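1. I'll drop the sequence and a predicted model, then ask my questions.
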Amino acid sequence: MASPMELMCWGGDWGLPSVHTDSLIVLAYAKFSRAALKVHFINNPWKTPTGDIPVLTSDNTNVVQPKNILNFLRKQKYNADYELSAKEGADTLAFIALMEEKLRPALLHTFWVDIENYCNLTRPWFASRIPFPLNFYLPGQMSRSAMNQIVLTKGEPPFYNLKDVEAQIYRDAKECLNLLSYRLGESNFFFGKIPTSFDAFAFGFLAPLCKAELPNAHLQKHLHQLHNLCQFCENILTQYFIQNSTDGRQSSQQPPT
């Protein structure tokens, strides 16, 4: 008998099953597709087989990064996109690429680079969950990694300094949020009456920004003005996750199917 699929991810807080975008994407898709996963909230990438979070393990296979994990689940016949038309499938890929390009850099900056948010929210949260002595090292490493990712993807001409880069990524993020809000309209989900991989990605990107108590809430205030996107996150939390979300301190949880 094949061993059960297991998912290792960051734990939750702020009313969310996980505070981590990529972990939320996979957790949401697993709910939508009714994938039978054993979930471990470990808060320590050094405990995973690859050093990455999230990571899906099945037999001798380790899969990292949301797109790869979702593709793996589809091959196991856990498919949340089976009702999408060819055009809707193409639109899904386009919108996911848009969020990766326009929204992820702003989220990285908001949580990991902005000094006020990093010092007063992000670093204390992760340092309180990561075991000693890694809690003195990993948050800083994650912050530097976020900055490097922003610079590598956005630090090209005509943006020669960090202030220019910051201004542009927030302009891009607000534009992306506006497009998502327009695309969602008054619907509960982006395509039809059931959630798809697009909804999983949107939830993973939007929910932490919507729910975190950010000291510097510049981008968050813009999202809160787009009421349908915030309601979208609340609907998914209500329908697919236990309302009294874990704070991520327990070792494992079998999500209901």
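-> That came through fine. Residues are numbered from 1 along each chain as shown.
2. Could you confirm residue 132 falls within a helix?
-> No: in this structure, residue 132 is coil, not part of a helix, as judged by DSSP: H, G, I helix; E, B strand; the rest coil.
3. For residue 41, see how far away it is.
-> Taking Cβ to Cβ, to the nearest Å as the measure, residue 132 falls 18 Å from residue 41. The C-beta positions use only the backbone N, C-alpha and C, and glycine is treated the same way.
4. More neighbours: those two, which one.
-> Each of residue 132 and residue 41 has its neighbours counted (other Cβ atoms under 10 Å); residue 41 has more, 24 against 7.
5. which residue packs closest to that one, ignoring adjacent ones?
-> If the residues on either side of it in the chain are set aside, residue 41 comes closest to residue 11, at 3.9 Å by Cβ to Cβ, 6 or more residues apart in numbering.
6. mind checking how far that neighbour is from residue 23?
-> 9 Å.
7. Next up, phi/psi of residue 56, please.
-> Dihedral angles of residue 56 (phi, psi; degrees, to the nearest 10) stand at phi -100, psi 130.
8. Check the gap between it and residue 198 for me.
-> Taking Cβ to Cβ, one finds residue 56 at 20 Å from residue 198.
9. Tell me where the stretch 1-150 of the chain has helices.
-> 21-33, 66-75, 86-98, 104-108, 115-117, 123-129, 138-154 (DSSP state H, counting those that start in this stretch).
10. Which of these has the lowest mean pLDDT?
-> The weakest mean pLDDT among the helices of the stretch 1-150 of the chain belongs to helix 138-154, with a mean of 86.
11. Tell me the helix or strand right after that one.
-> Going down the chain from helix 138-154, the next helix or strand is helix 162-184, by DSSP states H and E.
12. Which residues does stretch 121-138 contact?
-> Applying Cβ atoms under 8 Å, 6 or more residues apart in numbering, the external contacts of stretch 121-138 come out as 11, 13, 19, 43-46, 111-112, 139-140, 142-143, 212-215, 248-249.
13. change it to 10 Å
-> 10-11, 13-14, 19-20, 41-47, 110-114, 117-118, 139-143, 146, 212-216, 247-249 (Cβ atoms under 10 Å, 6 or more residues apart in numbering).
14. Would you indicate which residues of it are buried?
-> Going by neighbour count (16 or more other Cβ atoms under 10 Å), the buried part of stretch 121-138 is 121-123, 125-127, 129-130, 134-135, 138.
15. Give me the below-cutoff pLDDT ranges for the stretch 151-257 of the chain.
-> Applying pLDDT under 70 to the stretch 151-257 of the chain flags residues 154-161, 242-257.
16. Restrict stretch 179-190 to CA atoms and write it as PDB.
-> Taking Å, rounded to 0.1, in the frame of the first residue of the first chain, the C-alpha atoms of stretch 179-190 are listed here in PDB:
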ATOM      1  CA  LEU A 179      -7.800  43.700 -11.800                       C
ATOM      2  CA  LEU A 180      -8.600  40.800  -9.400                       C
ATOM      3  CA  SER A 181     -11.400  42.800  -7.900                       C
ATOM      4  CA  TYR A 182     -12.900  43.600 -11.300                       C
ATOM      5  CA  ARG A 183     -12.500  39.900 -12.400                       C
ATOM      6  CA  LEU A 184     -14.200  38.600  -9.300                       C
ATOM      7  CA  GLY A 185     -17.100  41.000  -9.400                       C
ATOM      8  CA  GLU A 186     -20.000  39.800  -7.200                       C
ATOM      9  CA  SER A 187     -19.100  36.100  -7.500                       C
ATOM     10  CA  ASN A 188     -17.900  33.900  -4.700                       C
ATOM     11  CA  PHE A 189     -15.200  32.400  -6.800                       C
ATOM     12  CA  PHE A 190     -13.300  33.500  -9.900                       C
END
